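1. The following block contains a protein sequence and its predicted model.
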Amino acid sequence: MLKTFVRRKISCFRMADMRVLMIYRAARFSPNCVEKDRNILEAVGKVLAENGVAVNYVEEENIPADTEADVVFSMGRLPSTLEWIEQKEREGRKVVNGSRGMKNSGRSTIERLVRENDIPVAPLEGNHGYWLKRGDASAQQMGDVVFAEDATKRNLVLANFRKRGIVDVVITAHVVGDLVKFYGVSGTGFFRTFYPTDYGDTKFGCELLNGASSHHYFNLCSLKESAEKLADIVGLQVYGGDCIVRSDGTFAIIDFNDWPSFSRCREEAAVAIASLYNTADAAIREHR
């Protein structure tokens with residue numbers, strides 16, 4: 001139903017001269033997920049191309065100074081990509097995700113925004129260990145996300161971060177419960193959740209610390225509301241994250257990021273993301 005609805009909607013707004021540029025994410029920002037990240041971008045491009053939209057792809061390291069594209073779908077994270085996107089937005093181009101979301105997607109910034117806006121989040125102190133994560137950017141290697149069993153080991157891990165030249169580190173207490181991944185596309189109604197340990201999905205092995213999922217009951221609508229609220233605050237249309245669901249049904253968002261791979265729901269997600277072309281189309285026509 002979603003695919004049929006969105007495909008019809010895209011066709012209704014189609015313009016023969018509208019062009020789309022798809023920007024791949026640099027491999028260093030996709031640890032153990034390079035192919036998955038490329039696959040979701042290409043799936044979105046396929047939906048658009050099937051609806052008559054001219055689609056081109058480019059690596060973010062090789063973005064041309066200028067482009068004929070009216071709409072840009074970007075998974076990029078390089079500073080040079082942000083500068084390029086800001087320039088294109090000033091020229092009236094529509095970009096998903098845009099520059100505001102890119103600027104706010106650093107882990108420390110998201111951590112601050114979550115706490116300032118009363119969104120459920122992991123506590124700073126607890127009795128079950130700590131997580132230390134580089135705060136200036138998303139994780140690029142295993143050592144960027146580290147679990148420490150107690151305060152003494154927490155301090156040692158923090159010292160190791162500083163030896164690597166990473167002084168911006170987010171520290172939160174470990175939350176016991178089910179690890180749940182969520183994926184969303186703002187403004188489309190698309191929101192999906194999965195239990196990664198049910199499928200053996202892991203990036204650095206960190207997911208295994210919470211053990212097998214007990215599938216505690218939780219309010220899905222409440223999680224969606226919190227995620228959508230955070231996406232709006234950060235400025236992301238395409239987003240994903242992790243949360244922990246405690247045995248009492250409460251949850252804490254422990255990670256939030258721009259444009260995940262949607263690997264467990266790629267086809268559905270691609271249609272929802274592609275539908276963002278509709279609003280871009282209307283905005284471009286108005287700008288012209």
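-> Yep, it's here.

2. And stretch 143-155, what's buried?
-> 144-146, 148, 154 (16 or more other C-beta atoms under 10 Å). C-beta: built from backbone N, CA, C; applies to glycine.

3. Next, check those against the strands and list the overlap.
-> The strands, defined by DSSP state E, take in 145-146, 148 from those.

4. so what does the helix or strand hosting residue 42 touch, helix or strand wise?
-> Following DSSP states H and E, one finds residue 42 within helix 34-50. Applying 3 or more C-beta pairs under 8 Å, 6 or more residues apart in numbering; DSSP states H and E, we find helix 34-50 packed against helix 2-13, strand 19-24, strand 54-59, strand 71-74, helix 266-274.

5. That one to strand 54-59, inter-axis angle?
-> 160 degrees (axes from the mean of the first three to the mean of the last three C-alpha atoms, to 10 degrees).

6. buried set for helix 34-50?
-> Those would be 34, 37-45, 47-48, for helix 34-50 by 16+ other C-beta under 10 Å.

7. Make CSV out of those residues and add distance to residue 187 and pLDDT.
-> Listed next are the buried residues of helix 34-50 as CSV, based on distance: C-beta to C-beta, whole Å; pLDDT from 0 to 100:
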residue, distance to residue 187, pLDDT
34, 28, 90
37, 22, 95
38, 25, 96
39, 23, 96
40, 18, 97
41, 19, 97
42, 22, 97
43, 19, 97
44, 15, 97
45, 20, 96
47, 17, 95
48, 17, 95
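
8. closest to residue 175 among those?
-> Of all those, residue 175 sits closest to residue 37, with 26.9 Å by C-beta to C-beta.

9. excluding its backbone neighbours, what's nearest that closest one?
-> residue 30 (4.5 Å; C-beta to C-beta, 6 or more residues apart in numbering).

10. Settle this for me: the one you found is touching residue 39, isn't it.
-> No: applying C-beta atoms under 8 Å, one finds residue 30 not in contact with residue 39, separated by 10.9 Å.

11. Spit out the residues that contact these two alike.
-> Counting by C-beta atoms under 8 Å, 6 or more residues apart in numbering, no residue touches both residue 30 and residue 39.

12. Residue 25 contacts residue 37, doesn't it?
-> Yes: Residue 25 lies in contact with residue 37 (C-beta under 8 Å); the separation is 5.2 Å.

13. so what sits against both of these two?
-> 75, 259.

14. Can I take it that residue 243 is in a helix?
-> No: using DSSP: H, G, I helix; E, B strand; the rest coil, the assignment for residue 243 is strand, not a helix.

15. Provide a list of residues in contact with it.
-> So residue 243 contacts 120, 179-180, 182, 223, 251-254 (C-beta under 8 Å, 6+ apart).

16. and it, what pLDDT?
-> On pLDDT, residue 243 comes in at 97.

17. Kindly provide the distance from it to residue 112.
-> The span separating residue 243 from residue 112 equals 18 Å under the rule C-beta to C-beta, to the nearest Å.

18. got it, and residue 101?
-> 15 Å.

19. same thing with residue 173?
-> Residue 173 sits 17 Å away from residue 112, going by C-beta to C-beta.

20. who has more neighbours, the two?
-> Higher neighbour count among residue 173 and residue 112: residue 173, with 17 against 14, using other C-beta atoms under 10 Å.

21. Let's see the pLDDT reported for the more buried one.
-> Reading off the model, residue 173 has pLDDT 97.

22. Quick check: phi and psi on it?
-> phi -80, psi 150 (degrees, to the nearest 10).

23. what's the neighbour count on the nearest residue to it once chain neighbours are set aside?
-> Excluding its sequence neighbours, the residue lying closest to residue 173 (C-beta to C-beta, 6+ apart) is residue 126, at 3.0 Å. Residues near residue 126, counting by other C-beta under 10 Å, number 13.

24. Thank you kindly, that will do.
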